[in-house]
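> 3D, please:
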Amino acid sequence: MLSVNSNQIPPHRRVRRFVLRFLLVLLPLAPARADLATGERGIVATVHPLATQAGIDALRSGGNAIDAAVAIALTLGVVDGHNSGLGGGCFLLIRRANGELLAIDGRETAPAAATRDLFVRNGTADTGLSQHGALAIGVPGALAAYDLALKKSGRKTLADLLLPAALLAEKGFPLDFANARRIQAHAENLRRHAGPGAPFFHADGTPLTTGEQFQQADLARSYRALATHGPDWFYRGPFSQSLAAHLRARGGILTAADLASYTPKLRQPIATHYRGHEIIGFPPPSSGGVHVAQILNLLVPFDLKNFTAPGARHHLIAEAMKLAFADRAHWLGDPDFTNVPRGLVDSTYARELARRIDPAKATPVATHGTPPDADTRLFEKHTTHFSTADAEGNWVACTATINTTFGSKVIVPGTGILLNNEMDDFSIQPGVPNAFKLVGAEANAVAPGKRPLSSMSPTIVLKNGQPVLALGGAGGPTIISQTVLHLIHILDLGLRLDDALAQPRIHHQWQPDQLRIEKNLPAEIQSALKQHGHQLAIETTFGVSQIVGRSPDGKTFVGASDPRVPGAARGW
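Presented below is the predicted three-dimensional model:
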């Protein structure tokens, strides 16, 4: 590992480091209110202004919302690569102009050589192996999913959308404070797994800092190779061979044959109802669609807008989250490998579970519930979210990821493509928490070709059959709770999109038995939640969401990007 003595660092870079540390102390304790964008012909909301612009450019040049979504995804791989990119996976939820709903599963898969105890050493799970380095990597599926989306519903070619992103990677862009901070925080692991010559570092091994030009020549070449040769370059050509050789030399098991055999899947979206709206969610291996629906179903008996006492509404929502996440831990996995009961989203099952919610106090949840026909009625065998819509009636909610920040930290030399660490989303040993402190059971155990369970929750909301919202989030398991909270704030409480995003967040995932809250949740609500029996875990902020929708009069599009990050929503 490269070691740099601080005395060898030039004075101007030592000053930058000092300023960076100083600014960390001054980070806001609460998000500001998001800006509300409007447009008559289309709308885009993403985590980065340059990605938002790429989406608008795709619309203006004759593309539709699907083209815009893929342009955004490819651009995010350049400007927000610590969260997503070609080395990861995605879920695309699409409502086409003709009313057809598509759920394109681009989730990563376990390599063919994966085994149940792949990460177990001397009887104990080693989470270091599942979170960093060559063994942590699943077969990337994002590129195949984007290509399929374009072929089914787009107007542009993959090459049309790759080349502008390639130019951006080549020319570079000023590194913002948030990305510079992430590089600084993960510098040691990036040096170890991506190498000191990775684009995150100067020639002397020191990390790039805020305001410096971030150029990725290798990634630009990869994008151009894809534009020329298509996805076969990635899945069956030079990239697959380079990836396999690089990982094999580092103890990995992912092979060129694994990439060649990867196929995105078309799945049947989940449709449930809440407060007069149809909620369209993503099915397993996403747990998001199931448990967004389940939590909302659990809350149907409660008229949330009338629970106005401090903490009363938050308590009910937390209790519903707890019950749903207990079910998630036991039942959820890849439906091609395990039985995932459809009864989890039944309103009758929700009414049964809702009886366990005591409006006055927190109730311990010992274990999961058992939905009706659990053995026979089954589903078919850090992250970013973006949403788009166009005037023709195409809407897209897409969540893409390489899992935790910078994924596995591995870059295939000469390609600039950062690889995921999605193998950590499996239950690497029953009861052992992953990076997000989630525990799982046999349903989510490692198996060859299996897709790991995800919390990604791309969601589209219909009213009288017409789309009115597309939303989702990033942040591991908090994606589910964020999506639920936004739907409650908009559909129950009538908040504008920007106000909904700015509300303080809560999250309960059953285990550990604590209620995570954002620090700016009012003190009187925090006190009330403690009195209800909740153990609070206070954080500055968590999660990032993007929402687009229709204005109340239906005449224009509206969109908002989470104020917790320097994202952007823009209309056309």
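> is it true that Ile547 lies in a strand?
Yes. Under DSSP: H, G, I helix; E, B strand; the rest coil, Ile547 sits within a strand.
> in the sheet, who's paired with it?
For Ile547, the beta-bridge partners are Leu471, Ala560 (DSSP bridges).
> surely it meets Ser387?
Yes. Ile547 lies in contact with Ser387 (C-beta atoms under 8 Å); the separation is 6.3 Å. Bear in mind the C-beta positions are built from the backbone N, C-alpha and C, glycine included.
> now the common contact residues for these two.
Residues touching both Ile547 and Ser387 by C-beta atoms under 8 Å, 6 or more residues apart in numbering: Ala45, Ala470, Leu471, Gly559.
> for the residues you listed, work out which two are farthest apart.
The most widely separated members of the shared contacts of Ile547 and Ser387 are Leu471 and Gly559, with 10.1 Å between them, by C-beta to C-beta.
> which residue is nearest the middle of the chain?
Nearest residue to the geometric centre of the chain (C-alpha atoms, centre = their mean): Thr383, 3.4 Å.
> and the pLDDT at that residue?
You'll see Thr383 listed with a pLDDT of 74.
> next: the one 3 residues further on.
Residue-level confidence at Phe386 comes out at 96, pLDDT.
> phi and psi next, for it.
Here is the backbone geometry of Phe386 (degrees, to the nearest 10): phi -150, psi 150.
> over to Ser527?
The phi/psi pair for Ser527 (degrees, to the nearest 10) reads phi -60, psi -40.
> equivalent analysis for the one 5 residues further on, please.
His532 has phi and psi values of phi -70, psi -10 when expressed as degrees, to the nearest 10.
> that one: how many residues sit nearby?
Neighbour count for His532, taken as other C-beta atoms under 10 Å: 21.
> residue contacts, it?
His532 is in contact with Gly311, His315, Ala360, Lys361, Ala362, counting by C-beta under 8 Å, 6+ apart.
> now it, nearest residue through space, not along the chain?
His315 (4.8 Å; C-beta to C-beta, 6 or more residues apart in numbering).
> doesn't that neighbour lie inside a helix?
Yes. Counting by three-state DSSP, His315 is found in a helix.
> ok, it - contacts?
By C-beta under 8 Å, 6+ apart, the residues touching His315 are Pro359, Ala362, Ala528, Leu529, His532, His534.
> distance of it relative to Thr308?
Between His315 and Thr308 the distance, using C-beta to C-beta, to the nearest Å, works out to 13 Å.
> now the helices for the stretch 301-450 of the chain?
For the stretch 301-450 of the chain, applying DSSP state H, counting those that start in this stretch gives helices covering 312-331, 347-354.
> touching, Ser84 and Thr383? I think so.
Yes. With contact defined as C-beta under 8 Å, Ser84 reaches Thr383; the gap is 6.8 Å.
> confidence score at the nearest residue to Thr415 once chain neighbours are set aside?
Spatially, and ignoring its direct neighbours in sequence, Thr415 is nearest to Ser222 (4.8 Å; C-beta to C-beta, 6+ apart). Turning to Ser222, the model gives it a pLDDT of 98.
> ok, Ser222 - contacts?
For Ser222, the contact set (C-beta under 8 Å, 6+ apart) comprises Leu86, Phe239, Thr415, Gly416, Ile417.
> now swap in Gly211 and tell me
The contact partners of Gly211, taken as C-beta under 8 Å, 6+ apart, are Pro174, Leu175.
> ok, residues contacting the strand or helix carrying Ser130?
Element membership for Ser130 (DSSP states H and E) is helix 127-131. The contact list for helix 127-131 (C-beta under 8 Å, 6+ apart) reads 118-119, 121, 135-136, 404, 408, 421, 423-424, 426, 428, 432, 434-435.
> buried stuff in the helix or strand just after it?
For helix 127-131, the following helix or strand on the C-terminal side (DSSP H and E) is helix 142-153. Of all the residues in helix 142-153, those buried under the rule 16 or more other C-beta atoms under 10 Å are Ala142, Leu143, Ala144, Ala145, Tyr146, Asp147, Leu148, Ala149, Leu150, Ser153.
> tell me, how many residues neighbour the closest residue to the second one other than its chain neighbours?
Excluding the flanking residues, the one nearest Leu143 by C-beta to C-beta, 6+ apart is Leu86, at 5.1 Å. Counted with other C-beta under 10 Å, the neighbours of Leu86 add up to 28.
> tell me the pLDDT at Lys519?
97.
> is Lys192 in contact with Lys409, as I believe?
Let me fix one detail, which is that residue 192 is Arg and not Lys. Yes. At 7.1 Å, Arg192 counts as touching Lys409 under the criterion of C-beta under 8 Å.
> any common contacting residues for those two?
His132.
> those two: who's more crowded?
Applying other C-beta under 10 Å to Arg192 and Lys409 shows that Lys409 carries more neighbours, namely 26 against 15.
> roughly how far does the more buried one sit from Ala73?
Using C-beta to C-beta, one gets 21 Å for the distance from Lys409 to Ala73.
> now do Gln131
The span separating Gln131 from Ala73 equals 24 Å under the rule C-beta to C-beta.
> swap in Gly205?
Separation of Gly205 from Ala73 (C-beta to C-beta) stands at 31 Å.
> same check, this time on Leu226
Applying C-beta to C-beta, the value for Leu226 to Ala73 is 13 Å.
> ok, those two, which is more surrounded?
Ala73 (30 against 25).
> convert the helix or strand hosting that one to PDB, retaining C-alpha atoms only.
Under the criterion of DSSP H and E, Ala73 resides in helix 65-79. As requested, C-alpha coordinates have been extracted for helix 65-79 and formatted as PDB (Å, rounded to 0.1, in the frame of the first residue of the first chain):
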ATOM      1  CA  ALA A  65     -38.300   9.700 -20.900                       C
ATOM      2  CA  ILE A  66     -36.700   6.300 -21.400                       C
ATOM      3  CA  ASP A  67     -33.900   7.800 -23.400                       C
ATOM      4  CA  ALA A  68     -33.500  10.500 -20.800                       C
ATOM      5  CA  ALA A  69     -33.300   7.900 -18.000                       C
ATOM      6  CA  VAL A  70     -30.500   6.000 -19.800                       C
ATOM      7  CA  ALA A  71     -28.700   9.200 -20.600                       C
ATOM      8  CA  ILE A  72     -28.900  10.100 -16.900                       C
ATOM      9  CA  ALA A  73     -27.700   6.700 -15.800                       C
ATOM     10  CA  LEU A  74     -24.600   6.800 -18.100                       C
ATOM     11  CA  THR A  75     -23.800  10.300 -17.000                       C
ATOM     12  CA  LEU A  76     -24.100   9.400 -13.300                       C
ATOM     13  CA  GLY A  77     -21.500   6.700 -14.000                       C
ATOM     14  CA  VAL A  78     -19.200   9.600 -14.800                       C
ATOM     15  CA  VAL A  79     -20.100  12.300 -12.200                       C
END
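> thanks a lot, catch you later.
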